[in-house]
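Novice: predicted model and sequence below, questions to follow.
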Amino acid sequence: MTRLAAAIAVATTVAMPVLAQDLHFPMLNYRTGPFAPGGIPFADGYQDYLTLINERDGGIGGVRIRMSECETAYNTERGVECYQAIRGDRPLVIQPLSTGITYQLIPRTMEDGVPMHTMGYGRTSAVNGEVFNWTFNYPGTYWDGASVIINFLLDENEGSLEGKKIVLLYHNSAYGREPIPTLTRLSENLGYSFTSIGVDSPGQEQGNQWLQIRRERPDYVIMWGWGVMNAVAIQEAANIRFNMNNFIGVWWSGSEQDVLPAGAGAHGYRSLAMHGTGRDYPIYDDIQEYVVDRGRTAGAGDQIGTVLYSRGMYAAMLAVEAARTAQEIHGVAEITPAMMRDGMANLVISEERMVELGLPNFGPPFEVSCQNHGGSGQAMIQEWDANAGQWNLITDWIESDRELIMEMVMDDSMAFATENNITPSCME
């Protein structure tokens with residue numbers, strides 16, 4: 001083959017994907033750097049579930065899964081480099097595990113025709129599938145999460161937050177700033193005072209922020225942190241004897257890695273939960289038999305059942321179910337990235353299906369549509385029991401204020417469409 005022919009072949013692979021002999025699920029992970037304690041269990045859960053599908057089922061629809069990893073170290077530039085390296089290798093779905101990387105990859109994946117799933121992170125307005133045809137953020141978004149916390153606090157305060165002081169302690173990045181518009185709008189509607197306090201990455205130095213919190217004397221602190229920032233914040237809160245029941249984190253600020261360093265001081269700390277945790281689900285019997293006992297675990301096996309391991313497993317499960325849906329829609333097993341997008345755009349997750357998968361009551365039922373790439377938007381609240389060393393769910397699924405959020409989604413997504421000369425339309 002000539003160089004020109006080879007170049008044409010590569011370009012064709014990107015623009016017009018051919019049918020694969022396997023199903024490529026790449027992983028943009030971070031097993032190194034300051035955010036590795038969160039990245040490792042997620043990556044392990046994601047890979048172990050895909051290994052389970054290969055070992056137990058022989059793949060999806062008879063086609064085996066091919067996994068690949070690219071280390072981003074939670075660095076946006078490296079994340080983009082990872083995507084550039086794999087974009088021509090038939091990736092069925094990109095999962096960046098970073099809001100900063102997500103923002104950079106949205107236009108690239110749209111141009112290349114590669115679906116992207118940003119589960120509970122990324123750009124919230126990607127909920128609007130008429131503008132963001134290739135980006136999905138089910139089962140919930142940051143704006144949903146902020147609203148769920150406020151709705152929980154309303155229940156805790158007999159339906160009124162009038163006159164309350166709420167502080168947002170956030171990672172000073174695109175990720176950490178995501179909830180600010182929602183919490184600001186809700187403060188105007190509900191009459192609570194709102195202050196946001198940023199923490200520069202990675203978040204080991206928070207002395208000044210907690211001095212400000214002591215001066216503010218807020219009724220509640222909401223945390224949008226990641227990595228070491230979470231553990232430091234929880235320790236700082238314990239040091240000033242802040243009421244841990246009034247300290248509530250987003251779902252990325254509610255893992256074992258966040259609370260264990262503070263010991264007994266973390267008792268009572270709360271966070272959002274987008275799914276269940278622990279090993280009390282039938283799926284773990286299969287992971288034990290087909291992955292652990294066969295020596296096929298992605299890591300040391302010490303994170304199985306923890307919050308972030310479960311989240312990685314959940315993300316992989318949703319990807320596999322979307323691939324199954326794509327196979328059913330198109331009547332072929334060797335699906336392309338464009339077919340995978342169709343599977344994601346028509347994904348239905350029912351409680352009955354969750355039971356079949358060995359995950360009863362693990363996540364919320366939801367259906368994806370062109371108008372809603374974001375799922376149900378529900379979440380639960382969990383509380384850390386330092387004595388038992390475990391998270392306990394203290395609520396059922398809580399609804400977000402979807403009317404307000406969809407109004408904000410439309411404003412932001414249509415502004416993006418105008419800036420990028422996109423004519424909103426449904427591909428479904």
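Specialist: Looks like it came in fine.
Novice: how far away is the closest residue in space to residue 91 that isn't next to it in sequence from residue 110?
Specialist: Spatial nearest neighbour of residue 91, chain neighbours left out: residue 26 (4.8 Å); criterion: Cβ to Cβ, 6 or more residues apart in numbering. C-beta: built from backbone N, CA, C; applies to glycine. Distance of residue 26 to residue 110, given as Cβ to Cβ, to the nearest Å: 18 Å.
Novice: swap in residue 54?
Specialist: 30 Å.
Novice: same question, residue 145
Specialist: 25 Å.
Novice: which of those two has more residues huddled nearby?
Specialist: With neighbours defined as other Cβ atoms under 10 Å, residue 145 and residue 110 compare such that residue 145 has more, 28 against 18.
Novice: tell me which helix or strand the more buried one sits in.
Specialist: Applying DSSP states H and E as the criterion places residue 145 in helix 142-156.
Novice: repeat for residue 105
Specialist: Per DSSP H and E: helix 99-112 holds residue 105.
Novice: which stretches of the stretch 151-300 of the chain form helices?
Specialist: 174-177, 180-190, 207-216, 228-239, 256-259, 283-287 (DSSP state H, counting those that start in this stretch).
Novice: which non-adjacent residue is nearest residue 227?
Specialist: Residue 227 sits nearest to residue 35 (Cβ to Cβ, 6+ apart), 4.1 Å away.
Novice: against which helices or strands is the longest helix along the chain packed?
Specialist: Secondary structure of the chain read by DSSP state H shows that its longest helix is helix 307-330. Packing partners of helix 307-330 (3 or more Cβ pairs under 8 Å, 6 or more residues apart in numbering; DSSP states H and E): strand 23-29, helix 36-57, strand 116-117, helix 337-345, strand 348-349.
Novice: those into a markdown table, with extra columns for distance to residue 90 and mean neighbour count?
Specialist: Compiled in a markdown table, the helices and strands packed on helix 307-330 are given as follows (distance: least, Cβ to Cβ, whole Å; neighbours: other Cβ atoms under 10 Å):
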| stretch | distance to residue 90 | mean neighbour count |
| --- | --- | --- |
| strand 23-29 | 5 | 24 |
| helix 36-57 | 16 | 23 |
| strand 116-117 | 15 | 24 |
| helix 337-345 | 7 | 23 |
| strand 348-349 | 25 | 18 |
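Novice: which one of those lies closest to residue 295?
Specialist: Of all the helices and strands packed on helix 307-330, helix 36-57 sits nearest to residue 295, with 10.7 Å by Cβ to Cβ.
Novice: can you pull the pLDDT of residue 396?
Specialist: Model confidence at residue 396, given as pLDDT, is 97.
Novice: I'd say it and residue 380 touch.
Specialist: Yes. Counting by Cβ atoms under 8 Å, residue 396 touches residue 380, with 6.6 Å between them.
Novice: out of those two, which sits in the more crowded spot?
Specialist: Using other Cβ under 10 Å as the criterion, residue 396 and residue 380 rank with residue 380 on top: 20 against 9.
Novice: the more buried one pairs with what?
Specialist: Counting by DSSP bridges, residue 380 is bridged to residue 273.
Novice: now do residue 78 against residue 33, distance only.
Specialist: Distance from residue 78 to residue 33, by Cβ to Cβ: 10 Å.
Novice: give me the neighbour count for the closest residue in space to residue 207 that isn't next to it in sequence.
Specialist: Among residues not flanking residue 207 along the chain, residue 236 sits closest, at 7.8 Å (Cβ to Cβ, 6+ apart). The tally of other residues near residue 236 (other Cβ under 10 Å) stands at 20.
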